[in-house]
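Chemist: I need the structure of the sequence given here:
(one chain, ligands or ions: 1)
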Amino acid sequence: MSLSSTLDGAAPETQLQEPHRPTVGFVSLGCPKNLVDSEVMMGLLHRGGAQLTPKAEDAEILVINTCSFIESAKQESVDTILEMVQHKIGNGGKAKRLIVAGCLVERYRDEIIKNIPEVDAVVGTGELEAILEAAGLNRPAQTEQNSPFAILTTAQIDRHASSVNQHSRPEGNGPQLAHELGAPGPSHLGTRDEAATTSRPEGDAREAAGRFSRESWDGATAALPNYLYSDETPRILTTPRASAYIKIAEGCDHPCSFCIIPQLRGKFRSRPIASIVAEAKSLIAQGVREITLIGQDTTCYGEDLPKQEFPGAPFMTRSHRDMSGVEGAGPATILRRPELADLLDALAPLEGLKWLRFLYAYPNKITTRLLETIAKHDTIAKYLDVPLQHASANVLRRMKRGGSADRFLQIIEKARKIVPNLVLRTSFIVGFPGETEADFEELLAFVQAAQIDWLGVFSYSDEEGAGAFDLDQKVPKRTIESRRRKLMKLQQKISTKARKQWIGRELDILVEGESEETELLWQGRSIDQAPEIDGKVLINDFGPHEVLVPGTFYRAEITESHDYDVVARILE
Ligand code: SF4
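Modeler: Now for the predicted structure:
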């Protein structure tokens with residue numbers, strides 16, 4: 001009660017003063033997996049009593065969720081931290097607390113604290129709930145009005161688009177909270193989903209072989225992150241309305257020698273189907289119509305989950321017959337671990353869902369059943385994102401991935417046969433140590449033969465801690481860049497030709513809003529284009545509409561094509 005309110009005759013003592021709700025500004029860098037972590041941290045902060053602001057100058061607490069995938073991503077993370085330092089009270093700004101979260105913390109925890117004294121706390125990727133303590137907020141009990149999901153598309157600080165947003169692969173995650181805050185270690189912070197999972201034998205074997213070792217890292221703890229969010233974790237969506245990501249698994253057990261993600265994110269672990277379905281239903285109830293499933297490797301989904309009963313095969317397999325000696329139909333139910341196909345079967349029929357897709361498939365995990373599942377549901381995009389990384393068997397062996405151009409062409413042929421009109425996306429790394437001119441020519445020949453719809457090319461980046469760091473025969477930077485340009489030029493030709501075929505097509509497009517490139521056009525996507533990474537449908541004619549509503553589906557006709565984008569007019 002304030003003195004002035006009593007004198008004014010206003011309601012007395014019983015009137016409680018509204019608690020101060022600190023303003024939080026959030027910057028999320030890196031890939032969609034990091035974005036989901038940001039959305040979870042924003043949800044936790046919001047439920048903890050904070051209000052979010054898109055203006056850095058208005059924020060009392062600033063959070064930067066960083067990426068440390070490759071050198072340029074690390075540099076962007078550091079630059080962004082230094083940019084936000086300018087908004088601290090001591091520098092004439094309003095911010096009282098500056099928190100650094102994410103992958104950079106996993107690798108350089110001590111260095112960040114030591115070299116950037118303005119940073120008040122660090123939060124690793126395996127301890128997202130520690131953001132509350134880092135922000136000086138308590139962890140409140142969940143109330144009715146605190147629904148797990150909220151859509152707040154302006155939650156992130158308004159900045160130029162992240163230059164690393166185009167990763168078609170993951171980056172890392174990691175463990176703990178700032179030492180000075182005395183926060184509990186990562187294992188204290190798991191959610192309901194975590195309890196249901198176990199490790200895979202591959203993960204255990206690779207851990208024993210040192211795959212996940214972080215001991216030499218600056219400030220990293222030996223303990224691997226094991227956090228998984230659940231359908232009950234609050235989350236604030238920052239993606240354009242109608243579209244959302246769901247992270248179905250975390251971590252990775254693969255041995256790829258160029259990648260430090262397993263050290264950053266920990267061993268592979270999946271969320272139970274029921275939790276993902278519950279999250280999808282909540283999102284749909286909030287107006288989401290397009291769901292994109294993500295994880296470091298979505299095709300390993302379920303391999304760590306407990307076995308459960310599924311409807312049996314309609315036909316008796318040879319092994320069933322041999323075991324039982326009985327002829328006829330297969331068993332009514334079978335006990336096995338869930339697979340990605342089961343998850344897709346559970347999600348695809350959800351009422352209100354229009355488009356469903358998954359990203360980041362591992363080539364040798366694309367099963368016939370998975371392809372048949374994509375083919376049989378109308379809501380599932382006929383779209384396969386499979387980062388192949390290279391096509392030369394020699395390079396793939398050194399990358400510790402395996403496979404070859406011939407094997408990949410067989411997989412693609414089979415996928416296109418089972419899923420007619422399948423759209424393919426992939427990414428390659430050029431300049432991996434030991435990549436010869438002949439290896440690169442083989443990659444070019446593969447790309448020419450495979451005619452892939454969407455393709456990203458990364459220049460090899462030497463990362464300390466990755467297996468490839470110690471490999472000899474490093475390729476000079478200039479050669480790497482010239483190979484990257486050459487491959488992109490080839491893909492540009494393939495893409496230009498393919499986009500021409502789109503002219504005259506009528507299709508549904510999801511309108512996103514004004515074009516990022518010009519105010520004169522609007523932009524949207526067809527089901528054949530994943531959010532953020534593929535080409536766009538630019539709209540120059542609204543047809544019968546005065547205005548278009550972002551997040552709405554419209555019927556459109558493609559009228560022009562460019563190298564990667566197409567132009568459309570709205571029909572209805
Ligand atoms: S599959 Fe390979 S490249 Fe992808 S996250 Fe796992 S280790 Fe890294």
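
Chemist: Neighbours of the residue of the stretch 301-450 of the chain found nearest the ligand, how many?
Modeler: Proximity of the stretch 301-450 of the chain to the ligand (C-beta to the nearest ligand atom) peaks at residue 362, 5.9 Å away. Heads up, the C-betas are built off the backbone N, CA and C, glycines and all. Counted by other C-beta atoms under 10 Å, the residues lying close to residue 362 total 19.

Chemist: need the contact list for it.
Modeler: 254, 297, 299, 300, 386 (C-beta atoms under 8 Å, 6 or more residues apart in numbering).

Chemist: Name the nearest residue to the residue of the stretch 451-572 of the chain found nearest the ligand, sequence neighbours excluded.
Modeler: With C-beta to the nearest ligand atom as the measure, residue 466 is the residue of the stretch 451-572 of the chain nearest to the ligand, at 9.0 Å. Of all residues not flanking residue 466 in the chain, residue 260 sits nearest, at 4.9 Å (C-beta to C-beta, 6 or more residues apart in numbering).

Chemist: Contact partners for the one you found?
Modeler: Per C-beta under 8 Å, 6+ apart, neighbours of residue 260: 107, 172, 463, 465, 466.

Chemist: From residue 251, how far out is the last one?
Modeler: Meaning residue 466. Using C-beta to C-beta, to the nearest Å, one gets 16 Å for the distance from residue 466 to residue 251.

Chemist: Same question for the first one.
Modeler: Per C-beta to C-beta, residue 107 is found 16 Å from residue 251.

Chemist: In terms of packing, which of these two has more residues around it?
Modeler: More neighbours surround residue 251 than the other of residue 107 and residue 251, with 31 against 25 (other C-beta under 10 Å).

Chemist: Looking at the more buried one now. What's its pLDDT?
Modeler: If you check residue 251, the pLDDT there is 94.

Chemist: Going along the chain, name the helices of the stretch 1-150 of the chain.
Modeler: Taking DSSP state H, counting those that start in this stretch as the criterion, the stretch 1-150 of the chain contains helices spanning 3-7, 32-47, 71-85, 103-115, 131-134.

Chemist: when you scan the second one, is anything in it near the ligand?
Modeler: I take that to be helix 32-47. No - using C-beta under 6 Å from any ligand atom, helix 32-47 stays clear of the ligand, with a minimum separation of 9.8 Å.

Chemist: Now do that helix against helix 103-115, angle only.
Modeler: 70 degrees (axes from the mean of the first three to the mean of the last three C-alpha atoms, to 10 degrees).

Chemist: Quick one: mean pLDDT for helix 32-47?
Modeler: Helix 32-47 comes out at a mean pLDDT of 94.

Chemist: Could you tell me how many residues sit around residue 257?
Modeler: So residue 257, with other C-beta under 10 Å, has 17 neighbours.

Chemist: And the strands in the stretch 201-350 of the chain, which stretches?
Modeler: 235-237, 243-247, 249-250, 269-270, 290-294, 308-311, 333-336 (DSSP state E, counting those that start in this stretch).

Chemist: what's the spacing between the closest residue to residue 87 other than its chain neighbours and residue 66?
Modeler: Leaving aside its chain neighbours, residue 87 sits nearest to residue 93 (3.6 Å; criterion: C-beta to C-beta, 6+ apart). Applying C-beta to C-beta, the value for residue 93 to residue 66 is 20 Å.

Chemist: Looking at those two, which has the bigger crowd around it?
Modeler: Neighbours per residue (other C-beta under 10 Å) separate residue 93 from residue 66, with residue 66 holding more: 30 against 19.

Chemist: who's that one bridged to?
Modeler: Here residue 66 sits in beta bridges with residue 102, as judged by DSSP bridges.

Chemist: Does it touch residue 101 like I think?
Modeler: Yes - judged on C-beta atoms under 8 Å, residue 66 makes contact with residue 101 at a distance of 6.8 Å.

Chemist: longest helix of the chain?
Modeler: Counting by DSSP state H, the longest helix found in the chain is helix 477-500.

Chemist: mind exporting it as PDB, just the C-alpha atoms?
Modeler: Extracted in PDB, the C-alpha atoms of helix 477-500 (Å, rounded to 0.1, in the frame of the first residue of the first chain):
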ATOM      1  CA  LYS A 477      41.300 -22.600 -48.200                       C
ATOM      2  CA  ARG A 478      41.400 -21.200 -51.700                       C
ATOM      3  CA  THR A 479      40.800 -24.700 -53.200                       C
ATOM      4  CA  ILE A 480      38.000 -25.200 -50.800                       C
ATOM      5  CA  GLU A 481      36.300 -22.000 -51.800                       C
ATOM      6  CA  SER A 482      36.700 -22.600 -55.500                       C
ATOM      7  CA  ARG A 483      35.200 -26.100 -55.100                       C
ATOM      8  CA  ARG A 484      32.300 -24.700 -53.200                       C
ATOM      9  CA  ARG A 485      31.600 -22.200 -55.900                       C
ATOM     10  CA  LYS A 486      31.900 -24.800 -58.600                       C
ATOM     11  CA  LEU A 487      29.500 -27.100 -56.900                       C
ATOM     12  CA  MET A 488      27.000 -24.300 -56.300                       C
ATOM     13  CA  LYS A 489      27.200 -23.200 -59.900                       C
ATOM     14  CA  LEU A 490      26.300 -26.700 -61.000                       C
ATOM     15  CA  GLN A 491      23.400 -26.800 -58.600                       C
ATOM     16  CA  GLN A 492      22.200 -23.400 -59.800                       C
ATOM     17  CA  LYS A 493      21.900 -24.800 -63.300                       C
ATOM     18  CA  ILE A 494      20.000 -27.900 -62.100                       C
ATOM     19  CA  SER A 495      17.800 -25.700 -59.900                       C
ATOM     20  CA  THR A 496      17.000 -23.100 -62.600                       C
ATOM     21  CA  LYS A 497      16.000 -26.000 -65.000                       C
ATOM     22  CA  ALA A 498      13.800 -27.600 -62.300                       C
ATOM     23  CA  ARG A 499      12.100 -24.300 -61.200                       C
ATOM     24  CA  LYS A 500      11.100 -23.700 -64.900                       C
END
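
Chemist: Which residues belonging to it are considered buried?
Modeler: 480, 483, 484, 487, 490, 491, 494, 495, 498, 499 (16 or more other C-beta atoms under 10 Å).

Chemist: these two touch, right, the fifth one and residue 449?
Modeler: No - counting by C-beta under 8 Å, no contact exists between residue 490 and residue 449, whose distance comes to 11.4 Å.

Chemist: show me what contacts the closest residue to residue 344 other than its chain neighbours?
Modeler: Distances taken as C-beta to C-beta, 6+ apart put residue 373 closest to residue 344, at 5.0 Å, once the chain neighbours are dropped. With contact taken as C-beta under 8 Å, 6+ apart, residue 373 is in contact with 341, 344, 345, 380.

Chemist: restrict those to contacts with the ligand.
Modeler: Applying C-beta under 6 Å from any ligand atom to those, one finds that nothing falls near the ligand.

Chemist: What about the contacts of residue 362, which one has the most neighbours?
Modeler: Going by other C-beta under 10 Å, residue 300 tops the contacts of residue 362 with 26 neighbours.

Chemist: Let me have the contacts of residue 362 in CSV, extended by distance to the ligand and pLDDT.
Modeler: Formatted as CSV, the contacts of residue 362 follow (distance: C-beta to the nearest ligand atom, whole Å; pLDDT from 0 to 100):
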residue, distance to the ligand, pLDDT
254, 4, 95
297, 5, 95
299, 10, 98
300, 9, 97
386, 11, 97
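
Chemist: And for the closest residue to residue 355 other than its chain neighbours, the neighbour number?
Modeler: Leaving aside its chain neighbours, residue 355 sits nearest to residue 290 (4.2 Å; criterion: C-beta to C-beta, 6+ apart). By the other C-beta under 10 Å criterion, the neighbourhood of residue 290 contains 25 residues.

Chemist: List the residues that contact residue 290.
Modeler: Neighbouring residues of residue 290 by C-beta under 8 Å, 6+ apart: 242, 243, 244, 354, 355, 356, 510, 531.

Chemist: Can you list phi and psi of the residue lying closest to residue 204 once chain neighbours are set aside for me?
Modeler: Sequence neighbours aside, residue 267 is the residue nearest to residue 204 in space, at 8.0 Å (criterion: C-beta to C-beta, 6+ apart). Main-chain torsions, residue 267, degrees, to the nearest 10: phi -70, psi 160.
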